[in-house]
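# Structure for this input, please:
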Amino acid sequence: MGIEGGRGDFEWVYNDQPHTSRRKEILAKYPEIKSLMGPDPQLKWVVSGMVLTQLLACYLVRHLSWKWVLFWAYAFGGCINHSLTLAIHDISHNVAFGNKQARWNRWFAMFANVPIGLPYSASFKKYHIDHHRYLGGDGLDVDVPTELEGWFFCTPLRKVVWLFLQPFFYALRPLVVNPKPVSQLEALNAVVQLVADIMIYYLWGLKPVLYLISGSILCLGLHPISGHFIAEHYMFLKGHETYSYYGPPQPHHFQRRLPHGAPRLSKHPWQQTTACEENGSRVLRLAAAAYLLGARAVGLCL
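Predicted coordinates:
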């Protein structure tokens, strides 16, 4: 991204986005992939545990000094909130309750949103559909940095600044690149989040609220746990759009390893994914393909 980094422009291609062609090719070659698709019954319990953990943390940090509030926000709370954003991604694909209970998934995403401190889940769902439908499309896929970002953040120092500010770019870019009307779900998401923040403030004061919000911002920016964002969405070698991520925080990422996200196995995705990687078996390739085709299950993060 940028001239100083070795490139003067984005990589432009003029064929269809790859999901459609991959779907047809993979289904034709591996029809058994369909058996891997389905909701993950464990996800709702994992997410509920993370939400309750953060509420307990709010109680524990209420009397700490500000420096320790920020320390724990960066070292602990933000990591959980980062995992919750990834859980919200999977819930947006109806992982928690299945496609037949789409509304339950939307409500549960708002529940998962509570520790993040800012309304996020409904807007993410709205724009994430475009990310899959128009992958890499100019002016349509708002996960792609703008031309201005690519031009300005072109030196190592500026790229560090960009990484630090990534949560703000991620939140504001859709409003500039592809603005859409506010939906009823977004309004409800904002109300639910505001009520939750007010309740936390009323019970334990300002520090827990800022613990949650600052943790979300810090751990979605310049933080080791955010390394998968770069691996998944930015090109380093020509012709390779995404890369697997195997960093130490991987167990907390809902197994986000393979390009375009993680493989989703419907029963015990954490154990099966790890076993498949160790054995080099064909099942891992099927799992990755299942994700590209819309598999709806997710691995344990804890």
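# count of neighbours near Ile88?
By other Cβ atoms under 10 Å, 23 other residues sit near Ile88. Where you see a C-beta, it was placed from the backbone N, CA and C, and this is true even at glycine.
# tell me which element it is part of?
Assigned by DSSP states H and E, Ile88 belongs to helix 78-92.
# tell me what that helix is packed against?
With contacts taken as 3 or more Cβ pairs under 8 Å, 6 or more residues apart in numbering; DSSP states H and E, helix 78-92 sits against helix 43-61, helix 102-113, helix 121-133, helix 206-219.
# low pLDDT regions in the stretch 1-150 of the chain?
Low-confidence segments of the stretch 1-150 of the chain, defined by pLDDT under 70: 1-9, 16-19, 134, 136.
# Tell me how far the helix holding Ile88 lies from the chain's centre.
Mean-position distance between helix 78-92 and its chain equals 6 Å (Cα atoms, centre = their mean, to the nearest Å).
# Helices of the stretch 101-250 of the chain, residue ranges please.
Assigned by DSSP state H, counting those that start in this stretch, the helices in the stretch 101-250 of the chain fall at 102-113, 121-133, 147-152, 156-164, 166-177, 184-204, 206-219, 227-233.
# which one of the ones you listed is the most hemmed in?
Among the helices of the stretch 101-250 of the chain, ranked by average contacts under mean count of other Cβ atoms under 10 Å, first place goes to helix 206-219 (a mean of 22).
# ok, how many other residues are close to Val95?
Once other Cβ under 10 Å is used to define contacts, Val95 is seen to have 27 neighbours.
# Hmm, Gln42 and it touching each other?
No. Val95 lies out of contact with Gln42 (Cβ atoms under 8 Å); the separation is 10.0 Å.
# nearest residue to Glu186 other than its sequence neighbours?
Take Glu186 and drop its neighbours on the chain: the residue closest to it by Cβ to Cβ, 6 or more residues apart in numbering is Ala122, 4.3 Å away.
# I'd like to check which residues are in contact with that neighbour.
Each residue near Ala122 by Cβ atoms under 8 Å, 6 or more residues apart in numbering is listed here: Arg106, Ala109, Met110, Ser183, Leu185, Glu186, Leu188, Asn189.
# Same check on Tyr202?
Applying Cβ under 8 Å, 6+ apart, no residues contact Tyr202.
# Kindly provide the distance from it to Val51.
With distances taken as Cβ to Cβ, to the nearest Å, Tyr202 is found 18 Å from Val51.
# now Gln166
Taking Cβ to Cβ, one finds Gln166 at 24 Å from Val51.
# Which one of the contacts of Ala122 is nearest to Arg173?
Glu186 (16.3 Å; Cβ to Cβ).
# thought the closest one was touching Phe124?
No. Judged on Cβ under 8 Å, Glu186 makes no contact with Phe124 at a distance of 10.0 Å.
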